[in-house]
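Trainee: could you look at this predicted model? Sequence included:
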Amino acid sequence: MATGDVADVTARVRRRLADPDGLKYLQDDLYDAINEAVREVVRQILGKNPMYWLRTSETQKHTANLVASTANYDLPASMWAIIQVDVGDEEALDSISLERSLDSDADGWLLKNDDIFIYPTPDTSVVNGLTIYYIPRPTEVAATATVVPLFNDFGDPIIQYCCTLLKAIDEEKTGDFAQFYRVVSDSIDAMMTRMNRPASEGLRVLWRNMV
């Protein structure tokens, strides 16, 4: 992910919040807001155009051996969202629902807890036969951090989200989650269009149950 200097980002957020001297908002509160902003930007990019990630170095690749008569396989500990799953020499598998996985002719993959299930169950063992392309959980910003993930490409929505969130907390108006989505959605759309990666349809992303 492209990055920005943490000290500069927090200073810009404070200026937007009319708190340049740091008298109103604790530094840890700014770190928490930045982390939530980065997660929200990642979620929205994945919802708008998951293929954006396949064109960046941030996408991780995990391989595992297929084992005959074994449907479930461990997921990488750092995995946050699955972009694509390949089995053997076949084209990318589609994700399927739990209900569909119960059918005798189920064909695809299912994310359940910390495992990925492959259907139909492999009937032969294949070395490195399973490949998962995924997005890891964004690096957390803290006092020891020096950079903010994604900032060079999506700095504006990150700062907008931080300021909106901190103001809402200050005013005890955190219940309107739609406002947090709207405050960055249009900005992300505009930036992705400028990068020739506009929002697209047709690719479903599966998330691990991580906050």
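Mentor: Sure thing, it's come through.
Trainee: and the longest helix anywhere in the chain, what does it pack against?
Mentor: Counting residues, the longest helix found in the chain (DSSP state H) is helix 27-48. The contact analysis (3 or more Cβ pairs under 8 Å, 6 or more residues apart in numbering; DSSP states H and E) places helix 27-48 against helix 6-16, helix 51-54, strand 79-87, strand 147-149, helix 151-170, helix 177-194. The C-beta positions use only the backbone N, C-alpha and C, and glycine is treated the same way.
Trainee: rerun that using 7 Å as the cut-off
Mentor: Other elements packing on helix 27-48 under the criterion 3 or more Cβ pairs under 7 Å, 6 or more residues apart in numbering; DSSP states H and E are helix 6-16, strand 147-149, helix 151-170, helix 177-194.
Trainee: Lys112: which of these is closest?
Mentor: Lys112 sits nearest to helix 177-194 of all the helices and strands packed on helix 27-48, at 26.4 Å, using Cβ to Cβ.
Trainee: partner strands of the longest strand anywhere in the chain, with direction?
Mentor: Counting by DSSP state E, the longest strand found in the chain is strand 126-136. Within its sheet, strand 126-136 is paired with strand 60-66 (antiparallel), strand 79-87 (antiparallel), according to DSSP bridges.
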